[in-house]
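Student: for reference, the sequence and a predicted model appear below.
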Amino acid sequence: QKEVEQDPGPLSVPEGAIVSLNCTYSNSAFQYFMWYRQYSRKGPELLMYTYSSGNKEDGRFTAQVDKSSKYISLFIRDSQPSDSATYLCAMRGGGYQKVTFGTGTKLQVIP
Amino acid sequence: EAGVAQSPRYKIIEKRQSVAFWCNPISGHATLYWYQQILGQGPKLLIQFQNNGVVDDSQLPKDRFSAERLKGVDSTLKIQPAKLEDSAVYLCASRPPGLPDTQYFGPGTRLTVL
């Protein structure tokens, strides 16, 4: 079983839709959670990080963490074609506090 | 502020050849990471440096991969000899002090091993 599971998609939605991206994890040592966005042929860029269970909002993006269920989500409101990218969840904890990434979900927002 | 620089952007080699990648992190970032991203997967940490010391190289295949960060700034990742399964994008990232979860990634080097 992988430490971090993420649905690879692709996920195709119309412009303006609410998008939900999800990851589950098995390692209880993970305490810090991040979402990265990666455009084609580019390096990942950090969108948000959160440390506690609950919601954290930043503009059109909301990160949600449920440590009891080992489940994290990223919601994108009013999705735009420019949001079309691969979204990677990432988690930190355990030995060396290294960051473990999910496989990424490819999102396409159709105008 | 200049971002993380990597070169070359693309490299094609034959198996058993050697290859080297270069990374220049953002100025002032003491922490530097090398990741391997195979197509369709998330980045996998190969090695983490703090200044010029190695913090974590537990996932680095040390029989063929090596990395150094002399003088605590630029870093080089080398593969010798390369295998077909090394075909991937090699990403370098750096992190500012005091922000443990804010990594800045370079554009990556896309390696194809034939």
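Tutor: Good, I have the coordinates.
Student: give me the number of residues near the spatially closest residue to residue A:82 that is not a sequence neighbour?
Tutor: Take residue A:82 and drop its neighbours on the chain: the residue closest to it by CB to CB, 6 or more residues apart in numbering or on different chains is residue A:109, 7.9 Å away. Where you see a C-beta, it was placed from the backbone N, CA and C, and this is true even at glycine. Per other CB atoms under 10 Å in any protein chain shown, the neighbour tally for residue A:109 reads 20.
Student: who does residue A:109 bridge with?
Tutor: Beta-bridge partners for residue A:109, by DSSP bridges, are residue A:13.
Student: which ones are touching it?
Tutor: Residue A:109 makes contact with A:13, A:14, A:15, A:17, A:19, A:79, A:80, A:81, A:82, A:83, A:84 under the criterion CB atoms under 8 Å, 6 or more residues apart in numbering or on different chains.
Student: surely the last one meets residue A:108?
Tutor: Pointing back at residue A:84 there. Yes: contact criterion CB atoms under 8 Å: residue A:84 and residue A:108 qualify, at 5.0 Å.
Student: who has more neighbours out of these two?
Tutor: Set side by side, residue A:84 and residue A:108 show unequal neighbour counts under other CB under 10 Å, the larger going to residue A:84 at 19 against 14.
Student: tell me the contacts of that one?
Tutor: Contacts for residue A:84 were tallied using CB under 8 Å, 6+ apart; they are A:107, A:108, A:109.
Student: one more: residue B:88?
Tutor: Counting by CB under 8 Å, 6+ apart, residue B:88 touches B:36, B:37, B:38, B:39, B:111.
Student: repeat for residue B:103
Tutor: For residue B:103, the contacting residues are A:44, A:46, A:99, B:33, B:93, B:94, B:95, by CB under 8 Å, 6+ apart.
Student: reformat the residues you listed as a markdown table; add neighbour count and secondary structure.
Tutor: Output for those, formatted as a markdown table (neighbours: other CB atoms under 10 Å in any protein chain shown; DSSP: H, G, I helix; E, B strand; the rest coil):
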| residue | neighbour count | secondary structure |
| --- | --- | --- |
| A:44 | 28 | coil |
| A:46 | 18 | strand |
| A:99 | 24 | strand |
| B:33 | 25 | strand |
| B:93 | 28 | strand |
| B:94 | 25 | strand |
| B:95 | 21 | strand |
